[in-house]
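[1] Please find the sequence and the predicted model below.
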Amino acid sequence: MSSRMHHVIIGNGVAGDQAAATLRERDSDSRITIVTAGTLLFTNRYKLPQVFAGKTDWREYLVHPPSYYEERDITVRRRSVVIRVDPDRRVLVLQHHEEVGYDRLLVAAGGAAYLPEALRESAHLLDSFATFRSAMIARERLPDGGTLIMLGGDMIGLDMARTVLASGYRVVLVPNERTFWPHQVAAEELPDYLGALERSGIEVVRKGPVERLEEGAAGRPDRRLVFADGSDLEGDVVMAFCGLVPSLGFMHGAGVDIERGLLVNPELRTTNERIWAAGDVCQIWSEEEKGYRFYYGWKNVKMMGEVAARNMTGDHVQVDTFKDEKLVIDAEGRIDSPYWRYD
Amino acid sequence: MAVTDIQISICGSAGDGTIAAGDILKTTMARIGYRVIAFDLYPAEIRGFGKCISRTRITSDQVYSMKQQSDVLVSLDDGHTIPHVGEVRDYGAVIYDSFPITMLPEGGHISGHIKPGQIPYGLPIREISERATSSSRSRNIVALGFVAGAYGLPADAFRETIAAKFKTKAASVTEANIAAFDAGYEIGADTFRLDFVSFSEPPETKVEGADVVMMSGNAAVARGCLDAGIDTYFGYPITPATTIMERLASEMPKQGARLLQTEDEISAIAATIGAGYAGARAATATSGPGLALMAEMLGLGVMAEVPAVVIVSQRGGPSTGMPTKTEQSDLHLAVFGGAGDAQRIVLAPTNVEGCYRCAGKAFEMAERYQTPVVVLMDLYLSNRLETVNLPRVSPFAAGLSKDVEADTPAGTYQRFAITDDLVSPRALPGQADRMHTVTGLEHNESGRPSDQAAVHIEMSRKRHEKLKAALDHPDITICKRFGDEGPVDVGLLCWGSTFGESLEAMMKAQDEGIRCSAMKVVMLSPLPLDRILAFFEDCREVLVPELNYEGQFANLVTAATGRPVHRLNQVTGMPMRVEDILERIRALAAPPSRSAAE
């Protein structure tokens, strides 16, 4: 292969995309490869709820046209699942039996939806909102005026709920301890926030713990949610929005420190000098808090992509995370999160 | 009504079943009712080496060439397919095995080469085949099933084609292939598609008095021979003409005709001319190297005025050249090859239906004008498959030989008599009171050798001038103009298989506002000079695109007309690209600066 410096980025989300752009700006000669399990180029997930408003051409969700990558000589290896990283040989092993070498590696694989224990057995009955495809499938399953049941209700889900409501569907929220994730709302403030959601049109059902999810009876909506108290709730589509867990199974055995996420210093370097991490996959050392912690939200993740890329190309800058993490109810009674806003 | 225009390429190694999968695809699509045009590329080796590509363009309307970019590419062998990934258009699909059996070095898997605008579809093709059939041999059929399922094509139609294809094999072979197809189909049907490839309903294809069938150029030639009442065929196998003989070998005995594989091409042409002399409708088929060997006997056919049909499918040359690559470099040989002024009729079909017509008409002309007739195809045309309208009743006339008048007194018959139309009454050997001499030496009207100047002058005139009537032979297009009428900026003067690409380029140029025409010349000898000259009169610039280095047709035309042309010559072994022709049209149409024609 080429003797050019090879920067490899695992992940095609906000962090990976920003890192690729920064790497190219700072190093016009290197090879840049983005490895992603997805089929599409970088899409704006924040716009994905618009699928429910009838925007079904995936090209409208692309952040960059295909020519962007060709013009910048950035290779995007789609449908490529990394199963292992071998830091000694500096190679990624892909599920399809191919090895890809790297000189500098950025892990920006993001997170997968967290599923509470009680729902894992009925995961196949849940719809997902992780990709354009899953959003389209959910939309097709949702009849006109149909009911979407949202378990948990993290900020990703609440974003979607607004568009789903505006598109003429019914949204029912079953809150749990992950509601408003990544924000942590004090128990005494929770009624205010849930009240704000109700005023916006989301129905909130407080029936305690969910016991199981099952298929609906013939002639009834497709899904039936059964609560511990024996009561139930019917809906056409059920989705769990309970936050994210880092996607880093492939990093086990790679010789870098992992707690819940990949542990990185404020320059986003892992314990391996050739491997960096950015986005939802990493826990960053906070001198202030004397511990590692996650930072979420578009602004933070984008910033991390840029910082990692700069440091991969010889810089020594540190992350400067967006600190305004407070969840607020604005003057019009809507829930707002400056932390979660995106450009 | 929505228009379907989809090109699907399948690429693999020889032995992967690439061509077989392509055959099933194109056969099925033609049976469903789409128009199909297809061209396969395969290596000279039989198995285990080299690259095979099957390309099929499926349309609702008639088209004339393969598309430059495919909409779907299926990889059965990444090593061979990777160089072709760029041939898939943006938002087209690339289908590949997502779980190859061996560990690959970086860059060894096709997923690393798919362009940002293309849509990757990885599926474990080998694994699916093994699960469905206990063997990996049906990977090609799994992939085909996936394509059919993903694009919502009718599974039953494919199953019927598969059953028909394997009907001579054990039932288990058919069952395994259908199981493999079904396994791929199921996954394809469940696939969430992101590409922008879709099939509309097939068009109504019924044609009065004809069957719409899909066939290759070689199959069409064979069908033309059969419908024209071929009596005898003598041949020696040579790529890309061999399948003509193979088809005739299975069909001719059914209509009481005979075929003999001779020891070489010289024997084949000698036997063909012998049979023609004896009154049979006789033919042979070969390629450039074979035609070179036949040149001497072809001269005898001209001199002795014997009807014979010689079908030539050109390949890359010279010598053994490139047997599995296409070229149009035997035009000089076909028109001029041999000793002396040995003019013969040369027909060059431009599409598969033309192959059928030219083959049948060649027998009529050979018989009517008492001469060898060469049908000049090329590998691209021989192997290309198209849906054609095949007449249910043969359109070819029998009994065109000019018989000797019954009241001709015994002992007065002259085999080479100078007549008004310069075609002499023809007696067959053994006919009572019609004894005559036939020789390769120059001869007088009775056929006896003579080297007198007056005899040679008159007989040369006879042999040349009698062929001019062929320019008005009934029911055959020897020359036709397409596109804009009247004065145009650019005229394309074309022959053979390159005409299809030229016609598409012309239409694209018209879409861009360029006044453009294309003329196909089917009869290369004698040349329809009047019509070509009229075409020159209308064209500010004339471009001759052809697949040879020398510009052989351009040479022929400029020598005959004295008019300058622009040349576009390629010897890539591949069909000419529409885009290349279009680029030259644009350059020639641009008023301020254009290269001067020669």
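    That came through fine.
[2] Name the SS class of the residue nearest the centre of chain B, please.
    Taking C-alpha atoms, centre = their mean, the centroid of chain B lies closest to residue B:381, which sits 2.0 Å from it. Residue B:381 falls in the helix class when you classify it by DSSP: H, G, I helix; E, B strand; the rest coil.
[3] likewise the one 5 residues further on?
    In three-state terms, and counting by three-state DSSP, residue B:386 is strand.
[4] and it, bridged to which residues?
    Applying DSSP bridges to residue B:386 gives these bridge partners: residue B:37, residue B:215.
[5] That one and residue A:184: what is the separation?
    Distance, residue B:386 to residue A:184, by C-beta to C-beta, to the nearest Å: 69 Å. Glycine gets a C-beta too; all of them are placed from N, C-alpha and C.
[6] more crowded one of the two?
    A count of neighbours by other C-beta atoms under 10 Å in any protein chain shown puts residue B:386 above the other of residue B:386 and residue A:184, at 28 against 10.
[7] Is that one in contact with residue B:351, as I believe?
    Yes - counting by C-beta atoms under 8 Å, residue B:386 does reach residue B:351; the two are 6.3 Å apart.
[8] For residue B:188, grab the count of nearby residues.
    Around residue B:188 there are 25 residues (other C-beta under 10 Å).
[9] A strand includes it, no?
    No - applying three-state DSSP, one finds residue B:188 to be helix, outside a strand.
[10] check contacts around it.
    B:145, B:146, B:147, B:148, B:149, B:150, B:151 (C-beta atoms under 8 Å, 6 or more residues apart in numbering or on different chains).
[11] So residue B:540: helix, strand or coil?
    Using three-state DSSP, the structure places residue B:540 in strand.
[12] Look up the closest residue to it, ignoring the ones flanking it.
    Residue nearest to residue B:540 in three dimensions, not counting chain neighbours: residue B:489, with 5.1 Å by C-beta to C-beta, 6 or more residues apart in numbering or on different chains.
[13] For that neighbour, give me the pLDDT.
    Note for residue B:489: predicted pLDDT of 97.
[14] Please, which helix or strand holds it?
    Element membership of residue B:489 [criterion: DSSP states H and E] is strand B:488-494.
[15] Against which helices or strands is that strand packed?
    helix B:498-511, strand B:516-521, helix B:529-538, strand B:539-546, helix B:578-589 (3 or more C-beta pairs under 8 Å, 6 or more residues apart in numbering or on different chains; DSSP states H and E).
[16] give the contact list for the nearest residue to residue B:449 once chain neighbours are set aside.
    Leaving aside its sequence neighbours, residue B:449 sits nearest to residue B:441 (C-beta to C-beta, 6+ apart; 4.1 Å). Listed by C-beta under 8 Å, 6+ apart, the contact partners of residue B:441 are B:303, B:449, B:450, B:451.
[17] what sits against residue B:395?
    Residues in contact with residue B:395 (C-beta under 8 Å, 6+ apart) are B:227, B:357, B:360, B:475.
[18] can you tell me which of those lies nearest to chain A?
    Distance ranking of the contacts of residue B:395 against chain A, using C-beta to the nearest C-beta, places residue B:357 first at 45.0 Å.
[19] What lies in contact with the strand holding residue B:489?
    By C-beta under 8 Å, 6+ apart, the surrounding residues in contact with strand B:488-494 are B:350, B:502-503, B:505-506, B:509, B:514-521, B:532, B:535-536, B:538-546, B:553, B:557, B:565, B:581, B:585, B:588-589.
[20] Compute the inter-axis angle for it and strand B:516-521.
    Taking axes from the mean of the first three to the mean of the last three C-alpha atoms, to 10 degrees, strand B:488-494 and strand B:516-521 form an angle of 20 degrees between their directions.
[21] For strand B:488-494, output the C-alpha coordinates as PDB.
    The C-alpha coordinates for strand B:488-494 follow below in PDB (Å, rounded to 0.1, in the frame of the first residue of the first chain):
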ATOM      1  CA  VAL B 488     -26.400  19.100 -40.300                       C
ATOM      2  CA  ASP B 489     -23.300  20.100 -38.500                       C
ATOM      3  CA  VAL B 490     -22.000  16.600 -38.000                       C
ATOM      4  CA  GLY B 491     -22.800  13.400 -39.900                       C
ATOM      5  CA  LEU B 492     -21.700  10.100 -38.600                       C
ATOM      6  CA  LEU B 493     -20.900   7.600 -41.300                       C
ATOM      7  CA  CYS B 494     -21.000   4.100 -39.700                       C
END
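[22] and the direction of that strand versus that of strand B:539-546, what angle?
    30 degrees.
[23] Now do strand B:488-494: distance to the chain's middle.
    Averaging C-alpha coordinates over strand B:488-494 and over its chain gives two centres that are 23 Å apart (C-alpha atoms, centre = their mean, to the nearest Å).
[24] For chain A, which residue gets nearest to chain B?
    residue A:66 (3.5 Å).
[25] Give the burial count for residue 207, as a bare number.
    I'll assume chain A. By other C-beta under 10 Å, the burial measure for residue A:207, its neighbour count, is 15.
[26] nope, chain B
    A total of 13 residues lie near residue B:207 under the criterion other C-beta under 10 Å.
[27] where along the stretch 51-200 of chain B do the helices fall?
    Assigned by DSSP state H, counting those that start in this stretch, the helices in the stretch 51-200 of chain B fall at B:78-81, B:125-133, B:139-150, B:155-165, B:171-189.
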